[in-house]
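Colleague: how would this look folded up:
(one chain, ligands or ions: 1)
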Amino acid sequence: MNRKSKLFLSFLVSVIVLTFFLYTQFTKAGYFTPKIDLPNGLNSPIAFSIYYLDVGQGDSILIRTADGHDMLIDGGPDGSVLERLGEVLPIWDRDLDWVVLTHPHEDHIVGLDEILKRYNVKQILEPDLKNVPDNERYFNSLGQEKAIPEEKAIKGERIVLNNDVVFSVIYPSNFQMEEENLNDDSIIMQLEYKGKKFLFTGDATAEVEVKILDQNIDSDFLKIGHHGSRYSSSQKFLEAVTPSVSIISVGVGNSFGHPTQDTLDRLSAVGSRVLRTDRNGTIEVDVGENGDWQIECSKGCN
Ligand SMILES: [Zn+2]
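Modeller: Modelled structure (predicted):
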């Protein structure tokens, strides 16, 4: 092969590699989502996706709208959230509109520290605690270094991701929280879109569940409280929510025995389909503009 041919060949290879790279990135960003003959099973273009990220024993959930707005609810127990986000966000997107800390337990807050260091976070939402623990003080100091506004969650507040994707805070109903169990300071939020409802509960236990029964908590998708512990997901609560799909964020072989058999039995009694990050990996729920939805799981959904 002469020098000219070699040059041409390496040029051609570079073009092919670059085209492939750009195609995968644009596909991730949803630019190539076709309007008709949707291959993904939806009968309308994707409005937003929810990713219940597989971060081991902890919670981390990303909500991403088709026009590129993102909310991250909790960050899991370590830096693994960075890798998980890298799998679902386009490489150039370093912005997160909202970071929500449901409550400052290590399995929710530690990954968020890494997020604040590496992403351009626009706003933080957290519960207003009377006694702020050291790990949350550190998290707050990282936010203050970058001058990120911090909002304290309160019932009735609306958190806007874009015009159509708006969350309502259901709990807490007061500031200066001082629950004995930090899990019961968890922010609970609901997202409603075209009649479909998604409930996010942090680690709230049955003590809190009973306080929100009178609100409109009936939902299609429920992020199960406290990793499927026996102290959350009471029968009364599940009968009020009647989730079609329940998602348990839990680590493989965790030492807490989560999820407990009692919780799984209660879910089975209300006829909910159960997906778990320890078995199914990252669970992606795509919601179409008509309110239709479909689920994909990184390790298979069965
Ligand atoms: Zn937890």
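Colleague: give me phi/psi at the closest residue to A269 other than its chain neighbours?
Modeller: Take A269 and drop its neighbours on the chain: the residue closest to it by C-beta to C-beta, 6 or more residues apart in numbering is Q235, 7.1 Å away. Just so you know, the C-beta spots here come from the backbone N, C-alpha and C atoms, and that holds for glycine as well. With angles defined as degrees, to the nearest 10, Q235 sits at phi -60, psi -40.
Colleague: Could you check how far Q235 is from S5?
Modeller: For Q235, the distance to S5 (C-beta to C-beta, to the nearest Å) stands at 74 Å.
Colleague: circling back: how much space between the residue nearest to A269 and I248?
Modeller: As judged by C-beta to C-beta, Q235 and I248 stand 17 Å apart.
Colleague: Counting neighbours, go ahead and name the busier of those two.
Modeller: More crowded of Q235 and I248, by other C-beta atoms under 10 Å: I248, with 27 against 13.
Colleague: which strand residues sit across from that one in the sheet?
Modeller: R276 (DSSP bridges).
Colleague: can you offset everything so residue one is 169?
Modeller: Sure, I'll start counting at 169 from here, so that last one is I416.
Colleague: Do you know the pLDDT at it?
Modeller: Looking at I416, its pLDDT stands at 98.
Colleague: for D205, same thing?
Modeller: The per-residue pLDDT of D205 was computed as 45.
Colleague: what does the stretch 269-418 of the chain have sitting close to the ion?
Modeller: Within the stretch 269-418 of the chain, the positions adjacent to the ion are 275, 371 by C-beta under 5 Å from the ion.
Colleague: which residues of the stretch 269-418 of the chain fall in strands?
Modeller: Counting by DSSP state E, counting those that start in this stretch, residue ranges of the strands within the stretch 269-418 of the chain are 288-294, 318-320, 326-328, 334-339, 356-361, 364-368, 389-391, 413-416.
Colleague: Distance from the first one to the middle of the chain?
Modeller: Average the C-alpha atoms of strand 288-294, do the same for its chain, and the two points are 14 Å apart (C-alpha atoms, centre = their mean, to the nearest Å).
Colleague: With the fourth one instead?
Modeller: Mean C-alpha position of strand 334-339 versus that of the full chain (C-alpha atoms, centre = their mean) differs by 14 Å.
Colleague: where does the stretch 169-318 of the chain have low pLDDT?
Modeller: In the predicted model, the stretch 169-318 of the chain carries pLDDT under 70 at residues 169, 190, 192, 194-208.
Colleague: let's see it at 80
Modeller: Scanning the stretch 169-318 of the chain for pLDDT under 80 picks out the ranges 169-173, 175-177, 180-209.
Colleague: Going by proximity to the ion, name the top residue of it.
Modeller: Closest residue of the stretch 169-318 of the chain to the ion, C-beta to the ion: D275 (4.3 Å).
Colleague: my read: that residue touches D227, true?
Modeller: Yes. Counting by C-beta atoms under 8 Å, D275 touches D227, with 6.9 Å between them.
Colleague: Between these two, which has more neighbouring residues?
Modeller: D227 (31 against 24).
Colleague: Any idea what the residue positioned nearest the centre of the chain is bridged to?
Modeller: The residue lying closest to the centre of the chain (C-alpha atoms, centre = their mean) is I229, at 1.4 Å. Counting by DSSP bridges, I229 is bridged to Y220, I241.
Colleague: pretty sure it contacts L221?
Modeller: Yes. Assessed by C-beta under 8 Å, I229 is found in contact with L221 at 6.6 Å.
Colleague: could you measure the residue nearest to A437 against S341, distance?
Modeller: Q403 is 23 Å from S341, by C-beta to C-beta.
Colleague: Mutual contacts of D275 and D227, please.
Modeller: G244 (C-beta atoms under 8 Å, 6 or more residues apart in numbering).
Colleague: burial count for the residue of the stretch 319-468 of the chain at minimum distance from the ion?
Modeller: Residue nearest to the ion within the stretch 319-468 of the chain: D371 (4.3 Å; C-beta to the ion). Using other C-beta under 10 Å, D371 has 25 neighbouring residues.
Colleague: From L180, how far off is it?
Modeller: Noted for D371: a distance of 54 Å to L180, by C-beta to C-beta.
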